[in-house]
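Visitor: Sequence first, predicted model second:
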Amino acid sequence: MKLLNRISTYLIGLLMLGSSNSAFSQGYKIGDVVGDFSLKNTSGLMVSLSDMKDMKGYIIVFTCNHCPFSIAYEDRIIALQAKYQSKKFPVVAINSNDKVVSPDDSYEEMIKRFAEKNFNFNYLYDENQVVARLFGAARTPHVFVVEKVKNDMFLRYVGAIDDNTDEPSEVKKKYVENAVDQILEGKEVTVNTTKAIGCSLKWKK
């Protein structure tokens, strides 16, 4: 199954790369079914969403090592995992930046950052940028909240973590927390899209 996930993700990525004007190139939209993927974590293990059994959803965060915005949100991402993992709604962090364009975001640097910050979530490497293209990720950080319903996964929220990058104590709107709480309560997500604020994703040249 893991091999099939990897092959499927790779083939879809090739389709997207060759069809820049297709619907795929725009990424997932709210309500779309989200496909599984398989990426390497900082321990060298391949991780898929389907590996995480009996989950209610996932907080998928496209982030990286070097971006000041990503660094500013690291502790808040750790806090999201601490709050929601036990509620079966874990954080899955993904670094899709090209290591040639941004050497500080190489896989080796990911391993170092994971240890330095003692991340409590999976930090995955999207080396070929296929998953970033599937989702339509454009910034770091850029969050996609996915709800699992039986065997399907649906996109429920896209955007920023909250409304204040610089001052965590002055946050007034916790977009991701509100979205996850509403999903867990069986409610519709009232604010399902916000503008992701951060560094641009570093694409391969």
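Guide: All right, it came through fine.

Visitor: Pull the distance from the host helix or strand of residue 92 to the chain's centre.
Guide: Assigned by DSSP states H and E, residue 92 belongs to strand 91-95. Relative to its chain's centre, strand 91-95 lies at 5 Å (C-alpha atoms, centre = their mean, to the nearest Å).

Visitor: Check the gap between residue 75 and residue 114 for me.
Guide: 14 Å (C-beta to C-beta, to the nearest Å). Using the backbone N, CA and C atoms, a C-beta is placed for each residue, glycine as well.

Visitor: who has more neighbours, the two?
Guide: When residue 75 and residue 114 are compared for neighbours, residue 114 comes out ahead with 18 against 11, by other C-beta atoms under 10 Å.

Visitor: Isn't the more buried one up against residue 123?
Guide: Yes: judged on C-beta atoms under 8 Å, residue 114 makes contact with residue 123 at a distance of 5.1 Å.

Visitor: what is in contact with the two at once?
Guide: Common neighbours of residue 114 and residue 123, counting by C-beta atoms under 8 Å, 6 or more residues apart in numbering, are residue 42.

Visitor: The residue nearest to residue 111 when sequence neighbours are not counted: neighbouring residues, count only.
Guide: Among residues not flanking residue 111 along the chain, residue 42 sits closest, at 4.8 Å (C-beta to C-beta, 6 or more residues apart in numbering). The tally of other residues near residue 42 (other C-beta under 10 Å) stands at 20.

Visitor: ok, residue 28 - contacts?
Guide: Counted by C-beta under 8 Å, 6+ apart, residue 28 has contacts 34, 134-136, 144, 155, 158.

Visitor: typo on my end, it should be residue 109
Guide: Taking C-beta under 8 Å, 6+ apart as the test, what residue 109 contacts is 65, 103.
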